[in-house]
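> Can you look at this prediction? I've put the sequence above it.
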Amino acid sequence: MGIIAKQSFYNSVSIALAFLLGAVNTVYLYPTHMGSALQGLVVALLALSNLVQPFISFGVQYAIIKFYSSCETKEEKDKLLSFSLILPLVVFILLLIITFFFHHQIIDFIASENQEMGKYAYLILTVAFSTALFEVFYNWLRIQLYSVFGNFLKEFFPRALIFTLLLIYAFEGIGLDGFIMALILGYYLRLFLVVVYSLIKYTPKFSFALPIEFKSILRYSLLIFMSGTAASLILDIDKSMISNILTVENVAYYTVAIFIAAVIELPGRAMFQIISPLVAKALNDDDTPTLIKLLKKSANNLLLVSGLLFLLINLNLNDFYVWVNLGDYTVALEVVLIVSLGKLFTMSLGCLNNIITNSKYYAYVFWFSTISAVLAVVLNIYLIQWYGIIGAAYATLMVIVLINFLKIILVQLRFKINPYSNKTFLSLGVVLLLYLTISRMSFDYTPFVALILRSTLITMAYSLLTYLLRLTDDVQQFLGKFYLSPRDLKP
């Protein structure tokens, strides 16, 4: 547990730094120096790359983690690792052949609404291949308990790469062609670094012989591939469809809004890295009381922290857009509120998703993801045409709500537990009360000053109500340093 806790801490730091750098890229550098059209172009290309990547990796990166510990000899472990590299290479070659024969049809489809998309379509497959192999080597490191450097390359490196390239672009050191090519080379530099580091930590003897559990590995990889494809579709289909149905400028507006809404999930990403092994241990030990405690506690704490972020984001949104001078991006203001409601709902589940993925009911994730992916495509087709990027936001919210309800029902039926309690409704009541109250207040100052004053008021009021209502023990102990409880006020 010492190794897990230590590496989880460093991984959380990497995620936080990556998020801050991503915020600078998405909210300031892209809009200011590249503009909405080119930002939308790059984001749409990377989104399409993310859709292709699961097809290349074919789920073998997760099969490594599942089957590595069951390999009894080094020879079997080496066969597993060799197979995890050979399969993506074979799939990639097949995709290259398909691309060669149907090149014009593929380009025409991608560039149906924007010719620039077709010009730089080569980024999609090249980055997808690099990312697929990176994921294999990254999980290679994870099974050796060397996740820190890999996580740094996964989370921080791409944001730092884009940050650097945007600065060079801003000073006219490169044009768009150079930016795209340097972006691709940067992804392959990341792949090179993870390959070298992985081979230093563990050097297998490569073999073309199939592992003993080949059929089980392939069956598991296929299931993960289908789940991963559906999950990637849910994450990126909206941006891809916006670029096809509307314009790439709208992709930029939507991306900035989605990024701001995603701040609400930041506490969850840090917590889940720590809590996941605890959930797995409780499941393996059939320790239901511990499982219930982890679920309830994580749900309460995440809802409280995410609730505060929800208020800080949505109540300050107009002033923030004016302060950062986002201009045309304000057309997506409503997107932030709509999507952040879905993110808040997701955080209220606590570690429920970890319970499913670490249990024998993992296969249900495939069906949930498939249903949600189909729904996402159908909803985006119609809602984007009817309501533009606001329609894409509503589609995202509907998919989030559906998949979360399915997960709650599954855990309730199979484990007889759920993440909610009376404190859940009290927490939501506090969020609703403060949102309705503070949204009616006027702050007639400059945008920056209004941001500071409103944020201070929200934080103080929220933390005071949280403390007085004793919503969670962890927050209670922390805020007890600043507030006196009602019984302390008695003479």
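Done, it's in.

> Could you pull out the helices in the stretch 101-250 of the chain for me?
103-110, 115-119, 122-143, 147-151, 157-170, 176-201, 214-245, 248-261 (DSSP state H, counting those that start in this stretch).

> Pick the most buried one from those helices.
When the helices of the stretch 101-250 of the chain are scored by mean count of other Cβ atoms under 10 Å, the highest mean neighbour count falls to helix 248-261 (a mean of 26). Placement of C-beta: from N, CA and C, glycine included.

> How many neighbouring residues does residue 442 have?
6 (other Cβ atoms under 10 Å).

> What's the separation between it and residue 316?
Per Cβ to Cβ, to the nearest Å, residue 442 is found 14 Å from residue 316.

> Adding distance to residue 418 and mean pLDDT, write the helices of the stretch 101-250 of the chain out as a markdown table.
As requested, those are arranged in a markdown table below (distance: least, Cβ to Cβ, whole Å; pLDDT from 0 to 100):
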| stretch | distance to residue 418 | mean pLDDT |
| --- | --- | --- |
| helix 103-110 | 43 | 74 |
| helix 115-119 | 44 | 73 |
| helix 122-143 | 30 | 85 |
| helix 147-151 | 31 | 79 |
| helix 157-170 | 36 | 92 |
| helix 176-201 | 39 | 91 |
| helix 214-245 | 23 | 69 |
| helix 248-261 | 25 | 80 |
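
> any chance of these in JSON lines, plus distance to residue 88?
Shown next, in JSON lines, are the helices of the stretch 101-250 of the chain (distance: least, Cβ to Cβ, whole Å):
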{"stretch": "helix 103-110", "distance to residue 88": "20"}
{"stretch": "helix 115-119", "distance to residue 88": "25"}
{"stretch": "helix 122-143", "distance to residue 88": "5"}
{"stretch": "helix 147-151", "distance to residue 88": "17"}
{"stretch": "helix 157-170", "distance to residue 88": "19"}
{"stretch": "helix 176-201", "distance to residue 88": "12"}
{"stretch": "helix 214-245", "distance to residue 88": "10"}
{"stretch": "helix 248-261", "distance to residue 88": "28"}
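
> Tell me which of these sits nearest to residue 288.
Among the helices of the stretch 101-250 of the chain, the nearest to residue 288 by Cβ to Cβ is helix 214-245 (26.5 Å).

> and the residue nearest to residue 260 when sequence neighbours are not counted, what is it in contact with?
Leaving out its chain neighbours, the residue that sits closest to residue 260 by Cβ to Cβ, 6 or more residues apart in numbering is residue 336, at 5.2 Å. By Cβ atoms under 8 Å, 6 or more residues apart in numbering, the residues touching residue 336 are 257, 260-261, 313-314, 317.

> cool, and residue 254?
238-239, 242, 332, 335, 389, 392-393.

> Next: residue 250.
Contacts for residue 250 (Cβ under 8 Å, 6+ apart) come out as 40, 242-243, 388-389.

> circling back to that earlier point, and which of the contacts of residue 336 is nearest residue 139?
Comparing the contacts of residue 336 against residue 139 with Cβ to Cβ places residue 261 closest, at 28.7 Å.

> Quick check: that closest one touching residue 335?
Yes - Residue 261 is in contact with residue 335 according to Cβ atoms under 8 Å; the separation is 7.4 Å.

> Find me the pLDDT at residue 453, would you?
On the pLDDT scale, residue 453 is placed at 91.

> Now do the helix or strand that residue 366 is a member of: distance to the chain's middle.
Following DSSP states H and E, one finds residue 366 within helix 363-387. On the basis of Cα atoms, centre = their mean, to the nearest Å, helix 363-387 sits 17 Å off its chain's mean C-alpha point.

> Excluding covalently adjacent residues, which one is nearest to residue 396?
residue 339 (5.5 Å).

> Surely the one you found is in contact with residue 261?
Yes - between residue 339 and residue 261 there is a contact under Cβ under 8 Å: 4.1 Å.

> got the contact list for residue 238?
Residues near residue 238 by Cβ under 8 Å, 6+ apart: 254, 376, 380, 384, 392, 395-396.

> separation between it and residue 339?
10 Å.

> who touches both of these two?
Counting by Cβ under 8 Å, 6+ apart, the residues touching both residue 238 and residue 339 are residue 396.

> quick one, what contacts the closest residue to residue 265 other than its chain neighbours?
Excluding the flanking residues, the one nearest residue 265 by Cβ to Cβ, 6+ apart is residue 343, at 5.4 Å. By Cβ under 8 Å, 6+ apart, residue 343 lies in contact with 261-262, 264-265, 306, 310, 400.

> could you measure residue 343 against residue 356, distance?
19 Å.

> re earlier: let me know the closest of the contacts of residue 250 to residue 89.
Closest approach to residue 89 among those (Cβ to Cβ): residue 243, at 29.8 Å.

> The helix or strand that comes right after the helix holding residue 366 packs against which elements?
Where DSSP H and E defines the elements, the next helix or strand beyond helix 363-387 is helix 389-415. Counting contacts by 3 or more Cβ pairs under 8 Å, 6 or more residues apart in numbering; DSSP states H and E, helix 389-415 is packed against helix 214-245, helix 248-261, helix 333-347, helix 352-357, helix 363-387.

> repeat that for 10 Å
On a contact count with 3 or more Cβ pairs under 10 Å, 6 or more residues apart in numbering; DSSP states H and E, helix 389-415 meets helix 214-245, helix 248-261, helix 288-315, helix 333-347, helix 352-357, helix 363-387.

> Now do the buried residues in that helix.
By neighbour count on 16 or more other Cβ atoms under 10 Å, the buried set for helix 389-415 is 389-400, 403-404, 406-408, 410-411, 415.

> Not counting the helix or strand that that helix is followed by itself, show me its contacts.
Using DSSP H and E, the next helix or strand after helix 389-415 towards the C-terminus is helix 422-438. Identification of contacts with helix 422-438 by Cβ atoms under 10 Å, 6 or more residues apart in numbering yields 296, 299-300, 303-304, 306-308, 310-311, 314-316, 337, 344, 348, 350, 418, 420-421, 454, 457-458, 461-462, 464-466, 468-472.

> Out of those residues, which end up buried?
296, 299-300, 303-304, 306-308, 310-311, 314-316, 337, 344, 348, 350, 418, 420, 454, 457-458, 461-462, 465-466, 471-472.

> returning to what we had before: can I get the contacts of residue 254 in JSON lines with distance to residue 139?
Output for these, formatted as JSON lines (distance: Cβ to Cβ, whole Å):
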{"residue": "238", "distance to residue 139": "28"}
{"residue": "239", "distance to residue 139": "26"}
{"residue": "242", "distance to residue 139": "32"}
{"residue": "332", "distance to residue 139": "35"}
{"residue": "335", "distance to residue 139": "33"}
{"residue": "389", "distance to residue 139": "35"}
{"residue": "392", "distance to residue 139": "32"}
{"residue": "393", "distance to residue 139": "33"}
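
> Looking at the residues you listed, which one is closest to residue 58?
residue 239 (23.5 Å).

> Tell me which residues touch that closest one, please.
Applying Cβ under 10 Å, 6+ apart, we find residue 239 in contact with 40, 43-48, 50-51, 248, 250-252, 254-255, 258, 380, 389, 392.

> what's the answer for residue 294, then?
Shown in contact with residue 294 (Cβ under 10 Å, 6+ apart): 275, 278-279, 281-282, 287, 350-351, 354-355.

> Can you tell me which of the residues you listed has the most neighbours?
Of the contacts of residue 294, with other Cβ under 10 Å as the count, residue 350 tops at 28 neighbours.

> Could you give the backbone dihedrals for it?
Backbone torsions of residue 350, given as degrees, to the nearest 10, read phi 60, psi -140.
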